[in-house]
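Engineer: Build me a model:
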Amino acid sequence: MKIEIWSDVMCPFCYIGKRNFETALAKFPEKEHIEVVWKSFQLDPTIPEVANETQEEYLVKRKGMSVEQVKGMLENVTQSAKQVGLDYHLDKSVMVNSQKAHQLIQFAKTKGLGDEVEERLFKAFFTEGKSIADLDTLTQLGKEIGLDEAELQTAFTDDKYAYLVKQDIQEARQIGVRGVPFFVIDRKYAVSGAQPAEAFVQNLEKAFPEWRKLNPESQLEITEGQSCTTDGKCD
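Structural biologist: The predicted structure follows:
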């Protein structure tokens, strides 16, 4: 059963939501039948690729809040992250455009490393204060999760990956995504925001039996004979 997650690596609740979802999935007895697909979303595509303001300054300007209000909001987010085991340093966050980071995500997905690249980018942004628009930084992060250094450059040079980002964002609009994180379960149910793990468990328990009914497990009666297996054994 497919679960699609629309997310922006600059969204603090997306990282929290990822942890809560992972907690729920770990408890789910049929987790081996769950396919997770990460989808791109940009909260603010107008941010420049070179930082010119802190996250605090950015939020004061964008939301029209006072400095004190923004400080309080960021502290609340930091505490929420701490409750799920995440160490946020929002004072170090580098406010840059996330487009290139999403292109790296799209490339990593082709190598089966979608979850790994999301995790690494979230940590880089929220904990380590790295620039997720800097190509050298993104290359290093890609290498850390097992991507080939030379090959991953195509994420930034091949228009295909930029197009895939755009396609995800357009699809989000079509299904009514207004904010992230946004979890779509089997294209039937949706969970919006960083809901607690219990909310994900409830939705999994509701959606999976419906999916299984339409996708029954194959029960073959097998007559055994001499054969070769994928680990090289022939007997």
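Engineer: quick one: the helices in this protein?
Structural biologist: Along the chain, the stretches classed as helices by DSSP state H are 12-27, 55-63, 67-83, 99-110, 114-126, 135-144, 154-157, 159-175, 197-214.
Engineer: List just the one of the ones you listed that sits closest to Asp186.
Structural biologist: Asp186 lies closest to helix 197-214 among these, at 5.1 Å (Cβ to Cβ). Quick note: C-beta positions are derived from backbone N, CA and C, even for glycine.
Engineer: What lies in contact with that closest one?
Structural biologist: Contacts with helix 197-214, where a contact means Cβ atoms under 8 Å, 6 or more residues apart in numbering, come from 1, 20-21, 23-25, 27-28, 30, 33-34, 183, 185-186, 188-189, 191.
Engineer: Can you select the buried ones from those residues in ChimeraX?
Structural biologist: The buried residues among those can be selected in ChimeraX (16 or more other Cβ atoms under 10 Å) with this line:
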select :1,20,21,23,24,25,34,183,185,186,191
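Engineer: Buried residues, the lowest-mean-pLDDT helix or strand in the chain. List them.
Structural biologist: The helix or strand of the chain with the poorest confidence is helix 55-63; it has a mean of 91 (mean pLDDT, DSSP states H and E). For helix 55-63, the neighbour count (16+ other Cβ under 10 Å) marks Gln55, Glu56, Tyr58, Leu59, Val60 as buried.
Engineer: for stretch 72-85, same thing?
Structural biologist: In stretch 72-85, the ones that count as buried by 16+ other Cβ under 10 Å are Met73, Leu74, Val77, Thr78, Ala81, Val84.
Engineer: swap in stretch 111-121?
Structural biologist: Using 16+ other Cβ under 10 Å as the burial criterion, the residues of stretch 111-121 that qualify are Lys111, Leu113, Gly114, Asp115, Glu116, Val117, Glu118, Glu119, Arg120, Leu121.
Engineer: What pLDDT is listed against the nearest residue to the first one once chain neighbours are set aside?
Structural biologist: If I follow you right, that is Lys111. Excluding its sequence neighbours, the residue lying closest to Lys111 (Cβ to Cβ, 6 or more residues apart in numbering) is Leu147, at 6.4 Å. Per-residue pLDDT puts Leu147 at 98.
Engineer: Kindly report the same for Glu221.
Structural biologist: The model's pLDDT for Glu221 equals 70.
Engineer: Neighbours of it, how many?
Structural biologist: Around Glu221 there are 4 other residues, counting by other Cβ atoms under 10 Å.
Engineer: Against Asp44, how distant is it?
Structural biologist: Counting by Cβ to Cβ, to the nearest Å, the gap from Glu221 to Asp44 is 57 Å.
Engineer: Likewise for Glu128?
Structural biologist: 21 Å.
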